[in-house]
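Asker: Provided below for reference: sequence and predicted model.
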Protein chains: 2
Amino acid sequence: MRKHPILVGLGKRIRELRIERGWSQENFANECGLDRSYYGGVERGERNVAAINLAKVAEVLGVRVGDLFPD
Amino acid sequence: MRKHPILVGLGKRIRELRIERGWSQENFANECGLDRSYYGGVERGERNVAAINLAKVAEVLGVRVGDLFPD
DNA sequence: ATGTGACTTGAAGTCCGTT
DNA sequence: AAACGGACTTCAAGTCACA
């Protein structure tokens, strides 16, 4: 599987924000309209997630898409 | 899914930044390691570009990935 | 130099399950 | 609650010819 550093950083950041908000992966994934299995892979940095799904995640988290990427 | 507003906004922003730097689509795409035709589609909002390609574009533009998304 | 349509291939994304 | 797998279907990635 792929573990591109960009994706790992992205996954870690999203996970942080989700946990801050007290969501489970499963509930959060459902809220975003994503499959729980797929979403788990995103947090683990194994999925090269595309822009529209990034936008969905950012919206549910209540942040801008840019905030999903670590500096 | 094609011409999604998120993608159109993203493409416009990327185009702005590219033109500011005086690149042609073709030269810029090559610099990013992308095909010019594919890249053109990104600027037109016709491609749901994924995180790794966003990272390539941001790097060549010298901005953070978050800066590619309009507020 | 860019827009566009058509195309193939590999990965994105879904749906079920078990650990 | 989360990781992980199999078996799918859909779409992003990447390329080309032509306008």
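Answerer: Done, it's in. Numbering: from 1, shown residues only, chains lettered A, B, ... in the order given.
Asker: longest helix in chain A, by residue count?
Answerer: helix A:5-20 (DSSP state H).
Asker: continuing past that one, what's the next helix or strand?
Answerer: helix A:25-32 (DSSP states H and E).
Asker: And the spatially closest residue to residue A:64 that is not a sequence neighbour, what's its pLDDT?
Answerer: Counting by C-beta to C-beta, 6 or more residues apart in numbering or on different chains, residue A:64 lies nearest to residue A:58, which is 6.1 Å off, once chain neighbours are set aside. (Each C-beta comes from the backbone N, C-alpha and C, glycine too.) Looking at residue A:58, its pLDDT is 97.
Asker: contact partners of the strand or helix carrying residue A:58?
Answerer: Per DSSP H and E, residue A:58 falls inside helix A:51-61. Applying C-beta atoms under 8 Å, 6 or more residues apart in numbering or on different chains, the contact partners of helix A:51-61 are A:14, A:17-18, A:21, A:28, A:31-34, A:42, A:49, A:64-65, A:67-68, B:1, B:4, B:6-7, B:10, B:48-51, B:54.
Asker: one more time with 7 Å, if that's ok
Answerer: A:14, A:17-18, A:21, A:28, A:31-34, A:64-65, A:67-68, B:4, B:6-7, B:10, B:48-49 (C-beta atoms under 7 Å, 6 or more residues apart in numbering or on different chains).
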